[in-house]
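Visitor: Sequence and predicted model, in that order:
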Amino acid sequence: MSGAAWHARIACGNEVGAGFLVSPRRVITCAHVVRWSDTSAVTVSFPNSRELSPLPATVAIHGGWSGGAADPGDLAVLELDHEVPLAPVEFAPPGAELGDPAPTLVAYGFPRGYDEGMLARYQALPGALVSDEWRQLEAVTAHGQPLAAGFSGAAVTLADGRVVGMVAAVAGARDIRVGRMLPTQVIARYWPELGERVPTPDHDPDAVRRLYTLVRRAVAQGLDCDANRLYVDAVGPFGPLLPEGGFASLGAAAGYVQWEVPGAEAVTRFADRLQSLLAPARPQSAAATTSAAAASPSWSPILVEIEHSGAGPDQVTVEVSAYREGHRRRVSARRLARGAVRAYVQEQIDEAFTQLAPDAEELITFVLPREWLNEPVARWECGAEDSTPLGCAYPLVVVDRSRHRSGRLRHQLVKKWLKLDAGSETRLHRVRCGSAERPPSLRKRLRDADADLAGFSFPPSAARPYFEVGLNTPVPVLLWPRSGCADAGHEGPCSGAVFLDALTASVAGTRPTELPRRLRELRETADADDDPERHWANDVQLLWDDPRCFPEPAAGLHSPVA
């Protein structure tokens, strides 16, 4: 045990617990150990590696624990500020904690007065899991160290150091030497990625690695597929029935196939079916690959979602999140009066930047109700002491909320972006003032042309049916001036025509994936102009919608406390 440098001590506010390193930057602990992480810093140290200084960490994944002692999902995956040069844990196969005689299990915790740690020896009781969640533990002797405060989150290991679970609850009285642990298969229920690291006797390790590699690819690409249907296809007509309620994510379905379905065939079939749904890789020359990588940055969005709260016409719910390595991290959420939204968003965007990797390509994305799409969010200041418009400081786009939530439209949009990634030529389809074109005719024109970009010479309020066509067709990119013609039906020249001409010339040759950055440059140019109010790009609005940038979170990752 003395050589197990992966044991971690977790401090958050007045709470002290334990944890264990599962990758160079990931540590597992209990959610209740870091329940104050929204107001207190999380610090991780490794007592068996004294040369390492304590590291700050953030809650990357949350099991959904609601705050009660008997609530399920008491799991948190922490991400360290940087990688540590330590070997992570090794896991034993599920069920290795049981036997006749029962093996002695060891936990390394940090009770009060022992910052360097203490060891406790326990055995697991055979039989069913308590509430299908916990394995009960009982002390080997009545004289050793009991499980106490400070052991929560500790790895439970066999004598050889392989992990079989995590301490999740300790006895509430001094004379009771029992506790509970989350077995590894239950931890994987809340964090399916763990399944790749835990040996399962029925499955070939390469087959399991392939399964989770494909799941990550599907999430990164925003693949529109039905996890429940994949499961049913994988287990066949005589396999276990679909669990009640189905699966909330692709990862949850893959984990269930690995842990709950007997035999190895279902894992292979699930992976084969998933691979067939993913876009086949296109061979490219080294030069083409380098060019595509340079032209298609991997964005790390900061997501600002605004929706009506239902509490009144002036009340909205605002949620701010940040994406890091494909994982969504919730920063904050609050119900506010509309007039208080700007100041709150400024503050929370600043906080969201702390969640991004140092080399991240930030993309501020406002997901707005349809009637808010013309809101001048790009003109909002960066903060109380920085008057720089957000749209000049960072690439900034808006997304229609109803489209963001539509599975049908997400599927169509991903197909459009895959075509754009392949280098298909794009052009701006112009929607002008004074056109006799009816909305159904515009819809047909955009569909016939398989349009990728559409530019409007007027704001949404001037002719909403035309914008509805653009949003529902769908077209991945829409641009328009926030101000201008109040009536798009007028005849004759206007500022909208000037806008379209300038826009067409300014985005010519720009790949759609680069448009957020190009629009930031144009906004900054307008803001620096001698007469910014008269510059055509002063109030340009960009709706840029690539669902692959916003993969859905895995089941149970929404955190009520962190």
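Guide: Sure thing, it's come through.
Visitor: which residues sit in contact with residue 156?
Guide: Each residue near residue 156 by Cβ atoms under 8 Å, 6 or more residues apart in numbering is listed here: 97, 105, 106, 107, 122, 137, 163, 164, 165, 166, 167, 181. Every C-beta, even on glycine, is put in place using the N, C-alpha and C of the backbone.
Visitor: want to throw those residues into CSV with distance to residue 5?
Guide: Converted to CSV, those look like this (distance: Cβ to Cβ, whole Å):
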residue, distance to residue 5
97, 23
105, 20
106, 16
107, 17
122, 22
137, 24
163, 14
164, 19
165, 20
166, 18
167, 19
181, 22
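Visitor: Sort out for me which of those residues are in strands.
Guide: Per DSSP state E, strands hold the following members of those: 105, 106, 107, 122, 137, 163, 164, 165, 166, 167, 181.
Visitor: Filter those residues down to the buried ones, ChimeraX style.
Guide: Remark: buried members of the ones in strands among the contacts of residue 156, expressed as a ChimeraX selection using 16 or more other Cβ atoms under 10 Å:
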select :105,106,107,122,137,163,164,165,166,167,181
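Visitor: wait, which of the ones in strands among the contacts of residue 156 is closest to residue 27?
Guide: residue 166 (11.2 Å; Cβ to Cβ).
Visitor: Give me the pLDDT for the closest one.
Guide: As predicted, residue 166 sits at a pLDDT of 96.
Visitor: Closest one of the ones in strands among the contacts of residue 156 to residue 447?
Guide: Nearest to residue 447 among the ones in strands among the contacts of residue 156, counting by Cβ to Cβ, is residue 166 at 53.0 Å.
Visitor: where's the residue nearest to residue 166 when sequence neighbours are not counted relative to residue 254, distance?
Guide: In space, and not counting its chain neighbours, residue 166 is closest to residue 182: 4.9 Å by Cβ to Cβ, 6 or more residues apart in numbering. Distance, residue 182 to residue 254, using Cβ to Cβ, to the nearest Å: 20 Å.
Visitor: Which parts of the stretch 451-562 of the chain are helices?
Guide: 464-472, 495-507, 515-528 (DSSP state H, counting those that start in this stretch).
Visitor: should've said the stretch 51-200 of the chain
Guide: Secondary structure of the stretch 51-200 of the chain by DSSP H, counting those that start in this stretch: the helices cover 184-190.
Visitor: So, low pLDDT: which residues of the stretch 1-150 of the chain?
Guide: Across the stretch 1-150 of the chain, the ranges flagged by pLDDT under 70 are 1-3, 144.
Visitor: Residues contacting the helix or strand harbouring residue 217, please?
Guide: Here residue 217 is covered by helix 205-221, with elements defined by DSSP states H and E. Helix 205-221 has contacts (Cβ under 8 Å, 6+ apart) with 192-193, 195-196, 199-200, 223, 225, 250-251, 254, 257-258, 264, 267-268, 270-271, 274-275, 277-279, 326, 414, 418, 548, 551-552.
Visitor: Can you spell out which helices and strands pack onto the next helix or strand after it?
Guide: In the C-terminal direction, the helix or strand that comes right after helix 205-221 (DSSP H and E) is helix 227-235. Secondary-structure packing of helix 227-235 (3 or more Cβ pairs under 8 Å, 6 or more residues apart in numbering; DSSP states H and E): helix 250-260, helix 265-277.
Visitor: end-to-end on stretch 78-94?
Guide: One end of stretch 78-94 sits 23 Å from the other (Cα to Cα, to the nearest Å).
Visitor: before we move on, back to that, drop anything exposed from the contacts of helix 205-221.
Guide: Those of those that meet the buried threshold are 192-193, 195-196, 200, 223, 225, 250-251, 254, 257-258, 264, 267-268, 270-271, 274, 414, 548, 551, by 16+ other Cβ under 10 Å.
Visitor: which residues does the residue nearest to the spatial centre of the chain bridge with?
Guide: The chain has residue 328 as the residue nearest its centroid, 2.1 Å off, counting by Cα atoms, centre = their mean. Beta bridges link residue 328 to residue 323, judged by DSSP bridges.
Visitor: where does it land on pLDDT?
Guide: Value listed for residue 328 in the pLDDT field: 82.
Visitor: looking at it, it is touching residue 320, isn't it?
Guide: No: Residue 328 is not in contact with residue 320 according to Cβ atoms under 8 Å; the separation is 11.0 Å.
Visitor: which neighbours do the two share?
Guide: Residues touching both residue 328 and residue 320 by Cβ under 8 Å, 6+ apart: residue 303.
Visitor: which residues does the residue nearest to residue 166 contact?
Guide: With Cβ under 8 Å, 6+ apart, residue 182 has these contacts: 74, 75, 133, 134, 135, 165, 166, 168.
Visitor: can you check residue 443 too?
Guide: Here residue 443 is in contact with 469, 473 (criterion: Cβ under 8 Å, 6+ apart).
Visitor: quick one: what helix or strand has it in it?
Guide: With DSSP H and E as the criterion, residue 443 is inside helix 439-448.
Visitor: Quick one: mean pLDDT over that helix.
Guide: Mean predicted confidence for helix 439-448 is 89.
Visitor: could you dump it to PDB, C-alpha only?
Guide: The C-alpha coordinates for helix 439-448 follow below in PDB (Å, rounded to 0.1, in the frame of the first residue of the first chain):
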ATOM      1  CA  PRO A 439     -42.000  32.200 -47.900                       C
ATOM      2  CA  PRO A 440     -42.900  28.700 -49.500                       C
ATOM      3  CA  SER A 441     -40.900  29.800 -52.600                       C
ATOM      4  CA  LEU A 442     -37.900  30.800 -50.400                       C
ATOM      5  CA  ARG A 443     -38.100  27.400 -48.600                       C
ATOM      6  CA  LYS A 444     -38.000  25.600 -52.000                       C
ATOM      7  CA  ARG A 445     -35.100  27.700 -53.200                       C
ATOM      8  CA  LEU A 446     -33.100  27.000 -50.100                       C
ATOM      9  CA  ARG A 447     -33.800  23.300 -50.300                       C
ATOM     10  CA  ASP A 448     -33.200  23.000 -54.000                       C
END
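Visitor: the inter-axis angle of it versus helix 464-472?
Guide: Relative orientation of helix 439-448 versus helix 464-472 (axes from the mean of the first three to the mean of the last three Cα atoms, to 10 degrees): 30 degrees.
Visitor: Would you mind splitting this protein into its domains for me?
Guide: As given by automatic domain parsing, the domain ranges for the chain are 1-189, 200-277, 299-549.
Visitor: what distance separates the start and the end of the longest one?
Guide: Right, the one you point to is domain 299-549. 7 Å.
Visitor: From the chain's centroid, how far away is it?
Guide: 21 Å (Cα atoms, centre = their mean, to the nearest Å).
Visitor: could you list every residue that touches the residue of the chain most remote from its centre?
Guide: Going by Cα atoms, centre = their mean, the residue of the chain most distant from its centre is residue 492, 48.0 Å out. Contacts for residue 492 (Cβ under 8 Å, 6+ apart) come out as residue 434.
Visitor: Show me which pair in the contacts of residue 182 is furthest apart.
Guide: For the contacts of residue 182, with distances taken as Cβ to Cβ, the pair at the greatest spread is 75 and 135 (14.5 Å).
Visitor: hang on, the earlier thing: how about CSV for the helices of the stretch 451-562 of the chain, with mean neighbour count, distance to residue 214 and mean pLDDT added?
Guide: Shown next, in CSV, are the helices of the stretch 451-562 of the chain (neighbours: other Cβ atoms under 10 Å; distance: least, Cβ to Cβ, whole Å; pLDDT from 0 to 100):
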stretch, mean neighbour count, distance to residue 214, mean pLDDT
helix 464-472, 19, 32, 90
helix 495-507, 18, 36, 87
helix 515-528, 19, 29, 94
